[in-house]
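>>> this one's structure only:
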């Protein structure tokens, strides 16, 4: 089937060429995930999921980054509930895809960008990529990561990354289980093509059902855990003065003055 590029999107690019779909984040220079991108991602993923002739989805970022995460301006009290609702709809749709999803990570992969990558079924990362969940530095936490990261990398690694907000390389991400494998950036496309070739030889129907079975147990806990994390975020975190100070300080390009409450 001929490649079908989608022109209706402004924040992402989608190419459908059965059995492969390629979804690229295209909000240069760092592919910040704003509300418009969330809406486009949800629409594109819904479109992909409806295609029974597509068995593999590759998710990547354009230019310098996979994505540095969700737009900080969308974290303000008047926007944060809409932002989390839309972003988590993207995450839930990505997790629920019938297709096998592969994240191809280069450059910076931070915050919400790292959350999108980590929930893909497979992750290929360049060795020089930068991974991290820096939300704690803004007085916040990453709800998807606090829900699911420990299942991927273990409780201690998850606590380290989320509580310190430190960044790690692609190689360290692979070493702790955040990625399947680390490859030189110049070899990324070759590695992806090999994975796609292997998967494309298999039954799309069998892959979809097997994927559903693999995550049957985890999905129960993820749904409950993310709902609980959202409640804590809205009811407790966003009512603290420090969460508001962290966001305001970032937007004002100044160090935060924590109030400890």
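Structure received. Remember, predicted model here, so these are calculated numbers, not experimental data.

>>> sec struct for residue 21, please.
Following DSSP: H, G, I helix; E, B strand; the rest coil, we place residue 21 in the strand state.

>>> beta partners of it?
Beta bridges link residue 21 to residue 16, residue 57 when assigned by DSSP bridges.

>>> how many residues are close by it?
Each residue near residue 21 was counted by other CB atoms under 10 Å, and the total is 26. In this view, the C-beta of every residue, glycine as well, is placed from N, C-alpha and C.

>>> isn't it up against residue 12?
No. With contact defined as CB atoms under 8 Å, residue 21 does not reach residue 12; the gap is 11.6 Å.

>>> in the stretch 1-150 of the chain, which spans are strands?
Assigned by DSSP state E, counting those that start in this stretch, the strands in the stretch 1-150 of the chain fall at 4-6, 12-17, 20-25, 56-61, 65-67, 100-105, 108-110, 122-126, 130-132.

>>> quick one: closest of those strands to residue 163.
Residue 163 sits nearest to strand 130-132 of all the strands of the stretch 1-150 of the chain, at 12.2 Å, using CB to CB.

>>> average pLDDT across that closest one?
Per-residue pLDDT over strand 130-132 has a mean of 98.

>>> and stretch 193-201, by the same measure?
95.

>>> with stretch 96-104 instead?
97.

>>> now do it: distance to the chain's middle.
Taking the mean of its C-alpha atoms, stretch 96-104 sits 11 Å from the chain's own mean (CA atoms, centre = their mean, to the nearest Å).

>>> so residue 111 sits against residue 135, correct?
Yes. At 6.0 Å, residue 111 counts as touching residue 135 under the criterion of CB under 8 Å.

>>> which residues do the two both contact?
Residues touching both residue 111 and residue 135 by CB atoms under 8 Å, 6 or more residues apart in numbering: residue 142.

>>> what are the buried residues along stretch 115-134?
115-127, 129-134 (16 or more other CB atoms under 10 Å).

>>> ends of it, how far apart?
For stretch 115-134, the separation between the terminal residues is 12 Å (CA to CA, to the nearest Å).

>>> likewise for stretch 150-167?
17 Å.

>>> could you do stretch 172-183 as well?
12 Å.

>>> can you list contacts of it?
Contacts of stretch 172-183 (CB under 8 Å, 6+ apart): 105, 118, 122-127, 129, 131, 149, 152-154, 157, 168, 170-171, 191.

>>> the closest residue in space to residue 9 that isn't next to it in sequence: what's it in contact with?
Leaving aside its sequence neighbours, residue 9 sits nearest to residue 40 (CB to CB, 6 or more residues apart in numbering; 4.8 Å). For residue 40, the contacting residues are 9-12, by CB under 8 Å, 6+ apart.

>>> just give me the closest of the residues you listed to residue 72.
residue 11 (16.5 Å).

>>> for the closest one, give me its contacts.
25-27, 34, 36-37, 40-41.
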